[in-house]
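1. predicted model follows, preceded by the sequence.
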Amino acid sequence: MQLSQVTAEYVRALANPFTAPPASIPSYPALLSKRQVSFVRGSFVVPSGSPIGFVVCDPSLASANDQTCLVTSSSTYALTTIQVSAANVVTATSNSEYTAAQINTAGANTLQYRVVAAGLRVRYSDTELNRGGSVLALHHPQHLSLAGFPPGATGGYTIAQLESYQETRRFPATRNWTTVLYKPVDNSDLNFFDAIPSNNNEQFFMAIAVQGDASAATTWDYEFYVQHEFTGSTVRGKTQSAVDFVGFSAAHTAAAAPDTLAPHADPDHVVHQNFLSSVFEHLKNGVSWVKNEGVQALHDVRGIVQDVSGTVRQVGSMFATAA
C-alpha cells in the first residue's frame, strides 16, 4: 500500500504545517497553482487580575499581508471573553506575498486562494516562579467564530463556553508547544476564493486561551503558520497540482475523526506518525475495493488467462492430429 506523492505531502502539511514543505490539496480539479507558506510569530500577555488571556486566528485572513489574521490579549486586557475588536487587544498580519487588493479585484477574478493547512501553537516563556494555570485549545468543528458567542454575536467565548465543546482540550502551562491544527470540514474548504471574508466577529475559528494566575501577568510565545494555494493569470511560480481521489478520501476521513489532528502537546513527528497510521488504516478498511474487490479481480483475470491458454492448447493439439 502506497500514498501518492501529492497525498503524502498533504498529509504531512496537515499534521505539521510549521516545518512541512508547501503542499497542495489532492482534489479536483488538477491545475497550475502556487504553494505558499506564510506565518506570524510573536508573544502575548495573560494579564493579572483577569481569568483569561488568549490568541485567536483565522487561516483565510492570512492569505493577504494587510489583513488582521490573529488577535491576542494585552497586559491591560480586562474582559473575561475572547474578543477581536475590544480595547486592549493586539492584532497581527501574516507575511503573505499578496495584498487584499490583489485578491479582491472586482470582476477580474485573476487571483484566487484556498487554505491547505494551518497551525497555531503557544508556550510559556516567562519566569518559572509565575508559571501556572491551564491552557485550553479549540478548533471549532464547523469553522464558526470563537470571537462571537453565539456565532456572529459581539460577545466572545468564556472559559466555560470553550470547555462546553467536546473537541476542546485542556493542558498544563509548560515550556513545550501546545498546538491547534486546522481541519477541512466541508466542501467550501476545498474551493478557491476570489475575495477575502470580512474581518469581524464571524471569523477566527482557531483559539488558545490561558486561564492564568490572577496575581501576576505572564508572557507566552505564539506561532501561526498557514499553507495556501494561489491560482490565477497574475500568479507567478505555479506548479502542476494533481488529483488523487482515493488518497484524498483517506486523508480527509482520517482528519475528520475527533481524536485525529486534535489539539495536542505531542512532538510534531508523533502527530505526523499517528495521522499517517490513521490514513493507512482507512485505506485498509475504509476503501473496500483496495482490499477485497481488487484481489478478486486479479483472481478472475488469472482464471480467464488460464482458460484461454487451455483452449489455445486444445486447438493446437487438434490441428497437430489432423496434420
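-> Structure received.

2. report the rounded mean pLDDT for stretch 115-130.
-> Averaging pLDDT along stretch 115-130 yields 96.

3. can you get me a residue count around the nearest residue to Asn104 once chain neighbours are set aside?
-> In space, and not counting its chain neighbours, Asn104 is closest to Ala195: 5.2 Å by Cβ to Cβ, 6 or more residues apart in numbering. C-beta: built from backbone N, CA, C; applies to glycine. Using other Cβ atoms under 10 Å, Ala195 has 13 other residues around it.

4. you'd agree Ala195 is up against Thr105?
-> No: applying Cβ atoms under 8 Å as the test, Ala195 and Thr105 come out as separate, 9.3 Å apart.

5. what's the closest non-adjacent residue to His282?
-> That would be Ala250: by Cβ to Cβ, 6+ apart, it lies 4.3 Å from His282.

6. likewise Arg169?
-> Closest residue in space to Arg169, ignoring its immediate chain neighbours: Pro263 at 4.0 Å, by Cβ to Cβ, 6+ apart.

7. contacting residues around that neighbour?
-> The contact partners of Pro263, by Cβ atoms under 8 Å, 6 or more residues apart in numbering, come to Ala137, Leu138, His139, Glu167, Thr168, Arg169, Phe171, Thr178, Thr179, Val180, Leu181, Ile208.

8. ok so the last one is a strand residue?
-> If I follow you right, that is Ile208. Yes: under DSSP: H, G, I helix; E, B strand; the rest coil, Ile208 sits within a strand.

9. residues in contact with it?
-> Taking Cβ under 8 Å, 6+ apart as the test, what Ile208 contacts is 54-56, 120-122, 135-138, 178, 180, 222, 263.

10. pLDDT wise, what is it at?
-> Note on Ile208: pLDDT of 97.

11. what's the separation between Glu281 and Tyr77?
-> Using Cβ to Cβ, to the nearest Å, Glu281 is found at 43 Å from Tyr77.

12. so these two - more neighbours on which side?
-> Taking neighbours as other Cβ under 10 Å, Glu281 and Tyr77 compare with Tyr77 leading, 23 against 14.

13. model confidence for the residue lying closest to that one once chain neighbours are set aside, exactly?
-> Leaving aside its sequence neighbours, Tyr77 sits nearest to Asn88 (Cβ to Cβ, 6+ apart; 4.6 Å). Per-residue confidence (pLDDT) for Asn88: 90.

14. tell me the contacts of the nearest residue to Gly232 once chain neighbours are set aside?
-> Computed as Cβ to Cβ, 6+ apart, the closest residue to Gly232 that is not its neighbour in sequence is Leu111, at 4.1 Å. Applying Cβ under 8 Å, 6+ apart to Leu111 gives the contacts Tyr98, Gln102, Ile103, Thr105, Asp194, Phe230, Thr231, Gly232, Thr234, Val235.
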